[in-house]
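K.L.:
attaching a predicted model along with its sequence, questions to come.
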Number of protein chains: 2
Amino acid sequence: MLVAIPLYPGFTALDAVGPYTVLAFAPGFTVTFVAPEPGPFTDCRRSLTLTATAGLADLPRPDVIVVPGGPGTLEAMQDRALLDWIARAHEHTRWTTSVCSGSYILGAAGLLEGRRATTHWGWLDGLRGVGAEPVGERIVTDGRIITAAGVSAGIDMALALLAAATDDTTAQTVQLAIEYDPAPPFDAGSIGKAPALAEAAMALTG
Amino acid sequence: MLVAIPLYPGFTALDAVGPYTVLAFAPGFTVTFVAPEPGPFTDCRRSLTLTATAGLADLPRPDVIVVPGGPGTLEAMQDRALLDWIARAHEHTRWTTSVCSGSYILGAAGLLEGRRATTHWGWLDGLRGVGAEPVGERIVTDGRIITAAGVSAGIDMALALLAAATDDTTAQTVQLAIEYDPAPPFDAGSIGKAPALAEAAMALTG
């Protein structure tokens, strides 16, 4: 199974590396970071640089696409080469997916018209702007399109995708291999659980 | 607060990028990927390349060290430049931490003699080889040394560390910013929960 993760300036690292880790640990999966032109891309915190090892043209037919989010999304939504690749590749993918504001890029590529989709809680309503019906859930599946909520939600999404692509046992085996038995020290990870922190949290995402 | 994350060939990406994301989102934190020589480092799946932007000598006095694990640990345990830097930097850190088999590198640097520490469930007993007392918990704190269990445990560890370094509200705000409200589709993330998958999971970590 070929997985392509497009990078662009200002992506959020965990959006990409969470699903990457789940899928790259899975037997028979090959995950490649791609971009219009191969090369290094610096993340939204300007302190992490990940390399796209292939151009979009090198991977025209991935089985799975995972589009990360991040403050760079707005600029990526104008990148015709990226959007055209997503639109064309999507015709043949088994699943086309996004994490966080990556769903806006799917939308800009014309994939979310009339579809249910999610994103980071702070940008949920804006999904209407790309024709989607915003759904405030951690993972939203609409046909072959799977969108995940903010940043860390990509890990959960990738495990569900892996189970669908293989079987529950394979996904559980990867979960055990990466010891994903989450135990956050606080219960403040969704807007419903920590509404008072919304403004401060959004200030950190810029 | 200056955070240094050393990279080496064969590190596991999420070990580094999980804590990176938590700490790089925190106000007042600067996170730098370091190595004996700056440059690109390829991960344990051989399909992700992250750049160390600074040499060890450029960052002699970080406040926090986070050492990732991965199959490359064994070779990194022989890297005198890395071990000497860890040992010297540790004299001045507020916290010296590791994720997964990164604790073996702390051990090789002489930091775990007689200390309680943890690592990935599959390598727990071996920690005695570096003089540590293995503890099968997700996060183990012994003085200024914090060790986390496998791969994804670094996210939880970094949130706890952030709360200790700042306050609960700051850690909760970052948790909300990265929407860390984990909802794995299965409950198979620890060896106690999925003992029958141990052999298959270990086969994936090589």
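P.N.:
Received, thanks.
K.L.:
strands along chain A, start to end?
P.N.:
With DSSP state E as the criterion, chain A has strands at A:2-6, A:30-35, A:39-42, A:49-52, A:54-55, A:64-67, A:95-99, A:116-117, A:133-134, A:139-142, A:145-148.
K.L.:
how big is the angle separating the second one from strand A:2-6?
P.N.:
In other words, strand A:30-35. Computed by axes from the mean of the first three to the mean of the last three Cα atoms, to 10 degrees, the angle separating strand A:30-35 from strand A:2-6 equals 30 degrees.
K.L.:
just want the most central residue of chain A.
P.N.:
Residue closest to the mean C-alpha point of chain A, counted by Cα atoms, centre = their mean, is A:V99 at 2.6 Å.
K.L.:
find the nearest non-adjacent residue to that residue, please.
P.N.:
Closest residue in space to A:V99, ignoring its immediate chain neighbours: A:G154 at 3.6 Å, by Cβ to Cβ, 6 or more residues apart in numbering or on different chains. In short, each C-beta sits where N, CA and C put it, glycine included.
K.L.:
I'd assumed A:G39 was in contact with A:A52.
P.N.:
Yes. At 6.1 Å, A:A52 counts as touching A:G39 under the criterion of Cβ atoms under 8 Å.
K.L.:
with neighbour numbers in mind, choose between these two.
P.N.:
A side-by-side neighbour count of A:A52 and A:G39, using other Cβ atoms under 10 Å in any protein chain shown, places A:A52 first with 22 against 12.
K.L.:
so what's the nearest residue to the more buried one once chain neighbours are set aside up against?
P.N.:
Among residues not flanking A:A52 along the chain, A:A35 sits closest, at 3.7 Å (Cβ to Cβ, 6+ apart). Going by Cβ atoms under 8 Å, 6 or more residues apart in numbering or on different chains, A:A35 touches A:P6, A:L7, A:Y8, A:F41, A:A52, A:G55, A:L56, A:L82.
K.L.:
what's the closest of those to A:D15?
P.N.:
In terms of Cβ to Cβ, no member of the contacts of A:A35 lies closer to A:D15 than A:L7, at 10.3 Å.
K.L.:
what's the burial count for A:A160?
P.N.:
Per other Cβ under 10 Å, the neighbour tally for A:A160 reads 21.
K.L.:
if we can go back for a sec, and the residue nearest to the centre of chain A, how far is that from B:A153?
P.N.:
Distance of A:V99 to B:A153, given as Cβ to Cβ, to the nearest Å: 20 Å.
K.L.:
for A:T32, same thing?
P.N.:
Remark: distance between A:T32 and B:A153 (Cβ to Cβ) = 27 Å.
K.L.:
tell me which of those two has more neighbours.
P.N.:
Counted by other Cβ under 10 Å, A:T32 and B:A153 do not tie: B:A153 has more neighbours, with 32 against 19.
K.L.:
quick one, phi psi at the residue nearest to that one when sequence neighbours are not counted?
P.N.:
Closest residue in space to B:A153, ignoring its immediate chain neighbours: B:R138 at 5.2 Å, by Cβ to Cβ, 6+ apart. The main-chain torsion angles of B:R138 are listed as degrees, to the nearest 10 and equal phi -70, psi -40.
K.L.:
surely A:R144 is in contact with A:R94?
P.N.:
Yes. Using Cβ under 8 Å, A:R144 is in contact with A:R94, at 6.7 Å.
K.L.:
mind checking which of the contacts of A:A35 are buried?
P.N.:
Among the contacts of A:A35, those classed as buried by 16 or more other Cβ atoms under 10 Å in any protein chain shown are A:P6, A:L7, A:Y8, A:F41, A:A52, A:L56, A:L82.
K.L.:
how about the nearest residue to the third one, chain neighbours excluded?
P.N.:
So that's A:Y8. Among residues not flanking A:Y8 along the chain, A:A76 sits closest, at 4.2 Å (Cβ to Cβ, 6+ apart).
K.L.:
next up, the contacts around that neighbour.
P.N.:
Contacts for A:A76 (Cβ under 8 Å, 6+ apart) come out as A:Y8, A:G10, A:L82, A:I105.
K.L.:
farthest pair within the residues you listed?
P.N.:
Using Cβ to Cβ, the contacts of A:A76 span at most 13.1 Å, a distance reached by A:G10 and A:L82.
K.L.:
where does A:L197 land on pLDDT?
P.N.:
pLDDT for A:L197: 96.
K.L.:
for the one 4 residues further on, same thing?
P.N.:
Taken from the predicted model, the pLDDT recorded for A:A201 is 96.
K.L.:
doesn't B:T170 make contact with it?
P.N.:
No. A:A201 lies out of contact with B:T170 (Cβ under 8 Å); the separation is 10.5 Å.
K.L.:
ok, back up a step: which of the buried ones among the contacts of A:A35 lies closest to B:V66?
P.N.:
Of all the buried ones among the contacts of A:A35, B:V66 sits closest to A:F41, with 21.9 Å by Cβ to Cβ.
K.L.:
report the beta-bridge partners for that closest one.
P.N.:
On the basis of DSSP bridges, A:F41 is bridged to A:L50.
K.L.:
now it: how far from chain B?
P.N.:
The spacing between A:F41 and chain B, counted by Cβ to the nearest Cβ, to the nearest Å, is 10 Å.
K.L.:
do A:E37 as well
P.N.:
Per Cβ to the nearest Cβ, A:E37 is found 15 Å from chain B.
K.L.:
do the same with A:L59
P.N.:
Look at A:L59 and chain B: by Cβ to the nearest Cβ, they are 12 Å apart.
K.L.:
what's the neighbour count on that residue?
P.N.:
A:L59 has 17 neighbouring residues, counting by other Cβ under 10 Å.
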